[in-house]
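>>> No letters, just coordinates:
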């Protein structure tokens, strides 16, 4: 894993860990960054911008459990079929980071000049 800045809209940048050998950018975000991203997705949804998908950080139900991240899939890009959920839950990896991925967000690495590049290489 390497630490980089990622974006999904060429406007907002988030620190993340990625696998530099992967075929696509899959960011692993710490909880503070997930909370920032959640706020951005909720603001976009209220303003009618973006995909309509939102991230919500759900507090733990028990003291010893970490927070989990719930992704609400907007129906703009995804119409659920029978047996498919419209909510996906993300739990942290052993480093406490969450992989926020999905149909609505194409992530890109921002290089040292703050230009976005489609590949982590």
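Good, I have the coordinates. Quick caveat: nothing in here was measured; it's all calculated off a predicted structure.

>>> check contacts around the most centrally placed residue in the chain.
Per C-alpha atoms, centre = their mean, the C-alpha nearest to the average position across the chain is that of residue 100, at 3.0 Å. By C-beta atoms under 8 Å, 6 or more residues apart in numbering, residue 100 lies in contact with 27, 29, 34, 37, 55, 69, 71, 90. Where C-beta positions appear, they are placed from N, C-alpha and C, glycine not excepted.

>>> in the helix or strand hosting residue 16, what counts as buried?
Residue 16 is part of strand 14-18, with elements assigned from DSSP states H and E. If you call a residue buried by 16 or more other C-beta atoms under 10 Å, then strand 14-18 has these buried ones: 14, 16-18.

>>> Just the residues contacting that strand, thanks.
For strand 14-18, the external contacting residues (C-beta under 8 Å, 6+ apart) are 1-7, 25-30, 33, 36-37, 95, 97, 107, 109, 120.

>>> just checking, which of those belong to helices?
33, 36-37 (DSSP state H).

>>> So which of those wins on neighbours?
In terms of neighbour count, residue 37 stands highest of the ones in helices among the contacts of strand 14-18 at 24 neighbours, by other C-beta atoms under 10 Å.

>>> quick one: low-confidence parts of this structure?
Where the chain drops to pLDDT under 70, the residues are 49-52, 64-66, 72-86, 102-104, 112-121.

>>> follow-up on the earlier one: would you format the ones in helices among the contacts of strand 14-18 as TSV with distance to residue 63 included?
Converted to TSV, those look like this (distance: C-beta to C-beta, whole Å):
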residue	distance to residue 63
33	23
36	25
37	25
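
>>> Identify the farthest-apart pair in the contacts of residue 100.
Farthest-apart pair in the contacts of residue 100 is 27 and 71; separation 13.4 Å (C-beta to C-beta).
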